[in-house]
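Participant: only the shape, not the letters, is given here:
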């Protein structure tokens with residue numbers, strides 16, 4: 001098989017797998033771009049943030065960080081907590097990415113929830129280059145987000161209706177992720193742990209300061225309880 005056919009075959013296998021991501025990223029990316037624009041940022045902000053950061057939910061959070069007084073440590077900790085799940089994604093993909101060579105840095109950078117879901121579970125045809133398939137899935141998902149968020153930033157200036165409440169899309173997105181996880185898991189220990197610890201931290205620290213302590217407590221607790229949770233899920 002010549003080089004061109006090898007790439008084409010991998011692309012044809014990867015593209016259909018990413019169509020659901022195209023639909024989701026198309027809407028969320030546009031929303032993020034519009035949100036950035038109506039918050040006072042030009043389209044190059046979502047363009048370059050999406051290219052260089054590519055952190056989905058964290059990019060929504062970053063709007064408030066950019067508008068508020070700059071606190072480097074708080075921004076660092078919040079980013080770490082919001083994206084801490086990628087530590088587990090990375091560990092899970094060690095074997096899959098083992099023989100990807102020069103493609104590995106991009107595969108690591110482009111690993112988001114949706115890409116992880118596809119690359120972790122996809123059945124790659126035996127005649128398709130595995131590393132190219134993984135790379136095309138990652139690249140396509142990355143481009144969907146960058147193009148959609150940039151388009152939203154450019155179209156934001158044309159929006160003349162009230163955009164009040166647009167930032168609620170982030171809350172809605174996390175709610176959907178939570179419900180999807182609830183439906184997927186046979187044991188709901190992790191979800192209930194997250195809810196319980198969040199409520200406790202809310203009561204202790206108040207509405208303005210509970211997020212970081214809650215996320216730290218959730219991360220620590222789930223890390224300590226990882227094996228019992230996994231065994232409980234298997235038993236169920």
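Facilitator: Great, that's in hand. Treat the numbers as computed from the prediction; the structure is a model and nothing was measured.
Participant: what's the longest helix in this structure?
Facilitator: Longest helix in the chain, counting residues (DSSP state H): helix 130-155.
Participant: secondary structure class for the nearest residue to residue 130 once chain neighbours are set aside?
Facilitator: Excluding the flanking residues, the one nearest residue 130 by Cβ to Cβ, 6 or more residues apart in numbering is residue 124, at 5.5 Å. Backbone N, C-alpha and C define where each C-beta goes, glycine included. Each residue gets one of three states, and residue 124 gets coil by DSSP: H, G, I helix; E, B strand; the rest coil.
Participant: cool, residue 97 as well?
Facilitator: coil.
Participant: ok, it - contacts?
Facilitator: 104, 107-108, 134 (Cβ atoms under 8 Å, 6 or more residues apart in numbering).
Participant: same thing but at 6 Å, please
Facilitator: Neighbouring residues of residue 97 by Cβ atoms under 6 Å, 6 or more residues apart in numbering: 104, 107.
Participant: so where's this structure shaky on pLDDT?
Facilitator: Along the chain, the parts satisfying pLDDT under 70 run over 1, 159-174, 176-177, 180-181, 184-185, 228-236.
Participant: and the helices in it?
Facilitator: Under the criterion DSSP H, helices of the chain are mapped to 3-14, 19-38, 44-52, 57-67, 72-82, 85-92, 104-109, 113-121, 130-155, 168-184, 189-205, 211-224, 226-235.
Participant: which of those sits closest to residue 98?
Facilitator: For residue 98, the closest of the helices of the chain is helix 104-109, at 8.8 Å, according to Cβ to Cβ.
Participant: give the buried residues for the closest one.
Facilitator: residue 107 (16 or more other Cβ atoms under 10 Å).
Participant: same question, stretch 58-78
Facilitator: In terms of neighbour count (16+ other Cβ under 10 Å), stretch 58-78 has its buried residues at 58-63, 78.
Participant: as a markdown table, the residues you listed with distance to residue 198 would be great.
Facilitator: Listed next are these as a markdown table, based on distance: Cβ to Cβ, whole Å:
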| residue | distance to residue 198 |
| --- | --- |
| 58 | 18 |
| 59 | 22 |
| 60 | 18 |
| 61 | 16 |
| 62 | 21 |
| 63 | 22 |
| 78 | 15 |
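Participant: residue 158: which of the residues you listed is nearest?
Facilitator: Nearest to residue 158 among the buried residues of stretch 58-78: residue 63, at 19.4 Å, using Cβ to Cβ.
Participant: no further questions, thank you.
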